[in-house]
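A.B. asks: just a sequence and a predicted model for now, questions to come.
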Amino acid sequence: MRIVLFSIYGFNIHSHGVFLVLSLVIGGWLLFRLAKRESLSIKYFFSNYLISIIVGILGSRILFYLINLKYYQSIYQIFNIWQGGLISFAGFVFGIITFLIFLKLQKQNSSAWLDLAGIIFALAIAIGRIGCVLNGEFGIKTNSIFAIYGYMPVTAFEIFICSLIFVINFYLYLRFKRHLPPYTFFFLFVVLYSFSKILIDQWRIDPSIIIGINLSQLFSLFIFIVAIIIFGLYLYRRKVRLQ
């Protein structure tokens with residue numbers, strides 16, 4: 001573990017905070033570059049992106065705090081983001097909703113932006129989770145051959161899975177974008193990521209809520225089902241319109 005990467009004049013720079021910032025900067029840079037490639041309007045990009053990030057982080061942190069309330073002594077600890085404790089999917093949902101509101105007000109093409117977000121978000125999660133691994137955020141105790149320090153490395157699994165999702169989406173974008181319907185990359189990310197969370201979050205230390213499923217798995221299952229239904233209906237209606 002490497003909770004503190006380095007210190008500057010006695011001020012500790014935490015690994016979680018460093019990789020969180022890196023994920024946002026690299027993700028934002030790639031999103032900006034792809035938006036320019038697609039000739040999308042980038043006039044309000046930086047303000048839209050910044051505000052969406054703030055809302056996403058706050059929503060992610062507040063939800064994590066509420067779920068793990070028994071581990072905190074003061075409400076002010078909710079602001080200690082550098083110590084870790086964010087729910088990536090919640091941040092994604094809050095951030096995307098905020099971004100969509102701005103796109104709607106600015107009358108921009110939401111499908112194109114969502115598809116680009118579906119590509120870069122997996123990469124951003126993978127980068128951010130490196131900080132979680134260095135911060136010692138693992139899972140249950142185990143004797144498995146995959147164990148790190150005697151714990152199941154759930155966050156390490158997430159890094160690998162998100163990196164794979166990014167590679168798949170980016171490859172499809174570069175090779176087959178013109179042949180795929182709008183929203184494909186967005187829903188492909190949501191479906192693959194939520195399905196992976198259902199599988200790997202069984203090794204988290206979160207308590208079970210129902211039939212051995214914890215809250216994170218339950219939320220991922222809900223997102224997985226809703227995403228498949230919405231995208232399925234969209235494809236069906238699109239097919240009907242094209243006939």
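C.D. replies: Sure thing, it's come through.
A.B. asks: so what's residue 71 scoring on pLDDT?
C.D. replies: Predicted confidence (pLDDT) for residue 71: 65.
A.B. asks: could you report the neighbour count for residue 3?
C.D. replies: 15 (other Cβ atoms under 10 Å). Heads up, the C-betas are built off the backbone N, CA and C, glycines and all.
A.B. asks: OK, contacts around it?
C.D. replies: 14-16, 134-136 (Cβ atoms under 8 Å, 6 or more residues apart in numbering).
A.B. asks: how close does it get to residue 15?
C.D. replies: According to Cβ to Cβ, to the nearest Å, residue 3 stands 6 Å off from residue 15.
A.B. asks: got it, and residue 222?
C.D. replies: On the measure of Cβ to Cβ, residue 222 and residue 15 end up 31 Å apart.
A.B. asks: likewise residue 91?
C.D. replies: For residue 91 relative to residue 15 (Cβ to Cβ), the value is 18 Å.
A.B. asks: can you check residue 115 too?
C.D. replies: From residue 115 to residue 15 the distance is 31 Å (Cβ to Cβ).
A.B. asks: so for these two, which sits in the more crowded spot?
C.D. replies: Between residue 115 and residue 15, counted using other Cβ under 10 Å, residue 115 has the larger neighbour count: 25 against 22.
A.B. asks: secondary structure class for that one?
C.D. replies: At residue 115, secondary structure determined by DSSP: H, G, I helix; E, B strand; the rest coil is helix.
A.B. asks: isn't it right up against residue 181?
C.D. replies: No. Applying Cβ atoms under 8 Å as the test, residue 115 and residue 181 come out as separate, 9.9 Å apart.
A.B. asks: quick check: residue 209 is in a strand.
C.D. replies: Yes. Assessed by three-state DSSP, residue 209 belongs to a strand.
A.B. asks: okay, helices next: where are they in the chain?
C.D. replies: 15-37, 45-67, 88-105, 110-134, 154-176, 184-200, 215-242 (DSSP state H).
A.B. asks: residue ranges with poor pLDDT in this protein?
C.D. replies: Applying pLDDT under 70 to the chain picks out residues 1, 67-86, 88, 243.
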